[in-house]
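Chemist: below: sequence and its predicted model.
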Amino acid sequence: MTEQSIRIKREPFLRVVKKTEVSYGRMVLLSLLAVVIAIVAGGIFILAIGQNPFEIYASIVKGAWRSKIAARGTIKLAIPLLIAALGITPAFHMKFWNIGAEGQIIMGGIFATYFALFWTGLPHWMLLLLMFIGGAIGGGLWGLIPAYFKTKYGTNETLFTLMMNYIALYLIKYLTEGPWRDPASSGFPKIASFAPNARLDQVLGVHAGWLIGLALVAVMFVYLRFSKQGYEISVVGESINTARYAGMSVKKIIMRTMFLSGAVCGIAGMCQVSGAAYTLGDGVAGGVGFTAIIVAWLAQLNPVVILVVTVLFSMLDKGCSVMQSDFGLSPAVSSILQGIILFCILAFDFFTRYRFVLRQRRKA
Amino acid sequence: MKNEAMAIELKQIRKTFGSVVANNNIDLSVKQGEILALLGENGSGKTTLMNMLSGIYKPDSGSIFINGHSVAINSPEDSIRLGVGMIHQHFKLVEALSAADNIILGAKEKGFFLNRSRSEKIREISKRFGLEIDSEKKVYQMSVSEKQTVEIIKVLYRQADILILDEPTAVLTPQETKRLFEILRRMKEEGCAVIIITHKLNEVLEISDRVTILRKGESVATVETAGTSAQELTELMVGRPVELSIDHPETYFEENLLEIHHLTVCDEEGFEMIKDISFDLNRGEILGVAGVAGSGQKELCEALAGLLPVKKGAILYHKENLVGKSPAEIIKMGISMSFIPEDRLGMGLAASMGMVDNMLLKTYNEGKGPFVSKKAARELSKRLVKQLDIVTPSVDTPVRRLSGGNVQKVLLGREIESQPNVLITAYAVRGLDINSSYTIYDLINEQKQKGVGILFIGEDLDVMLELCDRIMVLCNGKITGIVNAKDVTKEQLGLLMTDASGKGGHKS
Amino acid sequence: MIINFLFAAIKAGTPLLFGTTGEIMTQKTGNLNLGVEGMMFMGAFMSFFVAYHSDSLVLALLAAFAIGVFAALIYAVLTVSFMANQNVTGLTLTIFGTGFAKFFGAMMIDEAGGSPKLSGKFLKAVSEKAIPVLGDIPVVGKLLFSHNPLVYLAVAIAILCTLYLLKTRSGLNMRAVGENPGAADAAGINVTLTKYLHILVGGGICGLGGAYLSLINGGGIWNNSSVVNGQGWISVALVIFASWNPAKAIIGSLVFGAFSVLQFYVPKNIIEVPNAFYVMLPFLITTFVLIITSMRKSKEGSQPAGCGVNYFREER
């Protein structure tokens, strides 16, 4: 060993230590701090592009709520996001990384559209009910396929569900250009608008999807926290061996939960086609499935918190749509702000689990 | 620089994990050309201490000297640079890579490209130390002892002059252990300093020059091996004169509970781990299962509990065949199994759940309706906390935050509360200190007196001789003997474990 | 006709090859970055912006690489140093990158008072031209030696990365980090540094894929809405198809590129298959590849074992 190799190396300035326990109050405090820092970071970005952060933030909030129409728009944006985030929740609870909400929304939309296009003769309520069930089954099946292969062969679910998104997306393309193409549309292929019979009713000026969403918040909360199936999901998420040991049928639970997860996402798709778009287009999910993952994660899989986070996200999205008219800024600023805020929160989550230790001075 | 410099000197090393003090002001030293045994009970802090030498952990305070120089080891990289090589109990190998790739991994050598000559150097080292290795074989296709060989060559390849081995013999057959010791002596002759972590006294006496004993995170003594005895070492390790007197109540049940006929079980990878074994278990008896680690104990337990499919044979419970029944159905028949693998929280309990939720694990499905009722479980948890002196902030605190002994009490408490007829415990006292261990023995004896049939998978033969009524010895998945604990000595058991009579056949 | 088809397939496959190679480098070191789409978007904007103002291909590519590195740096800081969830971080990066490109793209459009167009001189620099002599060989010349310069760059990077992964010491170390960071750490490899390095390089390569989309596929005109349009996601799919091997990604990108242009070449009167089927096919095939590799349970040619999990040395 050379003299040089043995020289005392200085300790690094910082090192990371795992926290063993964090009190609930401290968690809340840290989360609030994260949000504040995130908003400040977003403000710095706004400053950098030569705007006043206070004005911009104020007009985002105002833009989202300033009129009945704006508020309705915000809620309309929130509906699919809320339902899809709720859908992802049971899967993530089980530590099944379902990145396929996007595809499951689409399949829900496709199944619902089938009834909307071809069963218009039915009474309004029955048709809507069929569309609802159809949407749930469509999304559910799309969730079930990766779950089946996961339980059978251990196929990686993150990548599998990701692929399923695109297969679903191109299925829409096929339907739009082929069998379901509206003969009345000249030029650009599209699917015909739904008959009024197949449209979701408006309640207080927004389609009834928001009622479905709120109901699902309650249902999901109770299901995960108090039901036997919810307990099973938690145990499987904790350790598959423990679940087997307890006599649970792990495969059945994984498949059932993924069907449920997909089904709820499918309901989001049904609400989109029948409440918002009145038709099926390839923008039916439009990235909502991905944003929903972020929402669910941010809310730490708590359905009530998901509701709050969803409203904030939609507010940011809707509020930024006035940026063009008020400040001449592209509404894409919404995505940038979302990104910056999320990066900050992601970084800050670290402090709930770890802490830094400064280098100590050694006594000579 | 002193002439007689210590290869390693640790002074006042302290390390805590949260509120747990793993190492408290430990002193330790090793000379060049010396083999030091680090002896201590489970949980006494041996591995933690060595992990600070290998750069995995950082001490909270204290200093490390290598060859007389004060050093700071911030990472395994620093440690390797200082000539320290550690062979971890759980091998640190990349499964998807070949032996050769694993050996040269991270080695600070010149050259950007991987050169062909690497296997030559590996061959040369293998030859010098009498090791055998197929350097192109992928690690995931290797047996445990092959993996250990790779780890040893990896250390030799880096020309480490300080070698640390963490429980290296736990997974080895006696012959393999013998060969390992030869290699260690060879290294000693070449002037290396060797630290071997173990809790097997005979090995300590056979291989080491000096012994440092740890107890509850503190170094209690360092003695010359030549001037000590197994008795003295045990006392130092446990902290008081040991009279290994475990109660052995007599019971008079004359009823057969389980009959196992020609059982063959494969593990998840499809290897036959239990080969055509037959035995029975009676009411009110403790049947011990002894054997070298990995002789099929885990598979036996899992098969009995219905967690692993049975390839051939029958498991009769009151003449009813359990083979093909699901765990849920078996639980309903009153066969409660408390199976505790190395990672206790990974199978018997859900680590992030509290005691209450863990109590529900096997009973959540009992009530009517779709919802779980937690009332009874909460009361049970509170009762267990009182009865078994479980130390926990609350019954909702995640069990992973409890100490090993308390986790074990939670697990065993729940199983006993389910009033089983058959109790299967695997390594019930692993990682527990002596006091907790005795609590567990008492609980097991209590069940025995109630007429429960107990299958006790153990590792400490002294304990088994006192606690068990009969002992069944497994070797390579076969039974090499079922003996009455009263009529057998430890040495005889040892011979059966290594299958000296040749009944068990040999692993390919 | 077939030559034209293959030529178009290569052209369409090249941006995927960049994205896939970049993502392979990232995943091989143990990090699943779902932000490829975002990084490509940022690379697309940055290279176009620089090309628009400087007319220099080299500067435009450097800019694309640099912004890709920057985006990957955000991801690396969050996942490696702050141990944040990799899926969420990657998705956020996609949102951020898409917003970044669209926002500044809109600014660029405002500045130019309409869709900005690259100069004729620049377009000539990136146009397809036959390599002297080699390009004159019949068939092969057109297929292999008559492309725009970025095609060669993509193939060269993929081959270099393959050699690096399989034949070099640091490539081996990096694979070990991706498979089992604990073992790599114990072997004295600096896990954090290794991860940073390869995530950043991977991000840079993804950025180049974006440059290809805006400089070449865009025809020299900045289109704010559809410049990347899912190519980043397809690249992630292609990683599986190529079984984490950049050399196989060359073939894979050709196959994927072929499917995306197939609809224009299959004579409609002979085979009547819906167009959507062709674009869906790559994903269907990838899914089958994924299932088959998991059925074989082989350790080689599947996702690195440590992928998706963050590493903390003192984890107990």
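Modeler: Great, that's in hand.
Chemist: what's near enough to touch residue 158?
Modeler: You didn't pick a chain, so chain A it is. With contact set as CB atoms under 8 Å, 6 or more residues apart in numbering or on different chains, residue A:158 has these partners: A:97, A:99, C:32, C:87, C:308. In short, each C-beta sits where N, CA and C put it, glycine included.
Chemist: if you could check chain B rather than the one you did, that'd help
Modeler: Applying CB under 8 Å, 6+ apart, we find residue B:158 in contact with B:80, B:85, B:107, C:188.
Chemist: give me the neighbour count for residue B:417.
Modeler: Neighbourhood size, residue B:417 [other CB atoms under 10 Å in any protein chain shown]: 15.
Chemist: distance of it from chain C?
Modeler: Separation of residue B:417 from chain C (CB to the nearest CB, to the nearest Å) stands at 30 Å.
Chemist: separation between that residue and chain A?
Modeler: Counting by CB to the nearest CB - residue B:417 and chain A are separated by 15 Å.
Chemist: next one, pLDDT for that residue please.
Modeler: Looking at residue B:417, its pLDDT reads 84.
Chemist: also residue B:80?
Modeler: With respect to pLDDT, residue B:80 scores 90.
Chemist: any buried residues in the helix or strand harbouring it, and which?
Modeler: Using DSSP states H and E, residue B:80 maps to helix B:76-81. Under the neighbour-count criterion of 16 or more other CB atoms under 10 Å in any protein chain shown, helix B:76-81 has B:76-81 buried.
Chemist: got it, and stretch C:137-145?
Modeler: Result for stretch C:137-145 [16+ other CB under 10 Å]: buried residues C:142, C:144-145.
Chemist: specify which member of these is nearest to residue A:92.
Modeler: residue C:144 (47.2 Å; CB to CB).
Chemist: what residues does the stretch 51-200 of chain C put near chain A?
Modeler: C:74, C:77-78, C:82-85, C:87-89, C:91-100, C:102-103, C:105-107, C:110 (CB under 8 Å from any CB of the partner chain).
Chemist: 7 Å instead?
Modeler: With the criterion set to CB under 7 Å from any CB of the partner chain, the stretch 51-200 of chain C comes near chain A through C:74, C:78, C:82-85, C:87-89, C:91-92, C:95-96, C:98-100, C:102-103, C:106.
Chemist: give me the contacts around stretch B:274-281.
Modeler: The contact list for stretch B:274-281, computed with CB atoms under 7 Å, 6 or more residues apart in numbering or on different chains, reads B:256-265, B:287, B:296, B:299-300, B:303, B:422, B:453, B:455, B:472, B:477-479, B:482.
Chemist: in helices only, show me the residues of the stretch 51-200 of chain C next to chain A.
Modeler: In this view, those that belong to helices under DSSP state H are C:74, C:87-89, C:91-92, C:95-96, C:98-100, C:102-103, C:106.
Chemist: give me the pLDDT value at residue 165.
Modeler: Because you didn't say which chain, this covers chain A. 92.
Chemist: chain B is the one I meant
Modeler: Reading off the model, residue B:165 has pLDDT 93.
Chemist: element containing it, please.
Modeler: For residue B:165, the host element (DSSP H and E) is strand B:162-166.
Chemist: cool, residue C:281 as well?
Modeler: Assigned by DSSP H and E, residue C:281 falls within helix C:275-296.
Chemist: distance between that helix and the chain's centre?
Modeler: With CA atoms, centre = their mean, to the nearest Å as the basis, helix C:275-296 stands 19 Å off its chain's centre.
Chemist: quick one: it near chain B?
Modeler: No - figure legend: helix C:275-296 not in contact with chain B (CB under 7 Å from any CB); closest approach 13.1 Å.
Chemist: for that helix, give the mean pLDDT please.
Modeler: Mean predicted confidence for helix C:275-296 is 85.
Chemist: buried stuff in the helix or strand just after the helix holding residue B:80?
Modeler: Next in sequence after helix B:76-81, counting helices and strands by DSSP H and E, comes strand B:84-87. Going by neighbour count (16+ other CB under 10 Å), the buried part of strand B:84-87 is B:84-87.
Chemist: what's residue 270 in contact with, if anything?
Modeler: You didn't say which chain, so I picked chain A. Taking CB under 7 Å, 6+ apart, one finds A:108-109, A:112, A:131-132, A:135 in contact with residue A:270.
Chemist: look at chain C instead
Modeler: Per CB under 7 Å, 6+ apart, neighbours of residue C:270: none.
Chemist: give me the pLDDT for it.
Modeler: With respect to pLDDT, residue C:270 has a value of 70.
Chemist: gap between it and chain A?
Modeler: Residue C:270 is 18 Å from chain A, by CB to the nearest CB.
Chemist: what residues does the stretch 51-200 of chain C have near chain B?
Modeler: Contacts of the stretch 51-200 of chain C with chain B, taken as CB under 7 Å from any CB, map to C:167-169, C:172-173, C:176, C:179-180, C:182-190.
Chemist: which of the residues you listed fall in helices?
Modeler: Taking DSSP H, the ones among these that sit in helices are C:167, C:169, C:172-173, C:176, C:179, C:182-186.
Chemist: residue B:259 is in what secondary structure piece?
Modeler: Going by DSSP H and E, residue B:259 is in strand B:256-266.
Chemist: so the closest residue to chain A within the stretch 1-150 of chain B versus residue C:222, what's the distance?
Modeler: Using CB to the nearest CB, the closest approach of the stretch 1-150 of chain B to chain A is made by residue B:18 at 3.0 Å. Distance, residue B:18 to residue C:222, by CB to CB, to the nearest Å: 55 Å.
Chemist: show me what the lowest-mean-pLDDT helix or strand in chain C is packed against.
Modeler: Within chain C, no helix or strand scores below helix C:140-145, which has a mean of 78 by mean pLDDT, DSSP states H and E. Other helices and strands packing on helix C:140-145, by 3 or more CB pairs under 7 Å, 6 or more residues apart in numbering or on different chains; DSSP states H and E, are helix C:2-28.
Chemist: near chain B, anything from the helix it packs on?
Modeler: No - shown here: helix C:2-28 not in contact with chain B (CB under 7 Å from any CB), separated by at least 11.3 Å.
Chemist: flag every buried residue along that helix.
Modeler: Neighbour-count burial for helix C:2-28 flags C:6-28 (criterion: 16+ other CB under 10 Å).
Chemist: just the pLDDT for the residue of chain B positioned farthest from its centre.
Modeler: The outermost residue of chain B relative to its centre, with distances by CA atoms, centre = their mean, is residue B:369 at 42.3 Å. Looking at residue B:369, its pLDDT reads 81.
Chemist: swap in the one 5 residues further on?
Modeler: At residue B:374, the model reports a pLDDT of 85.
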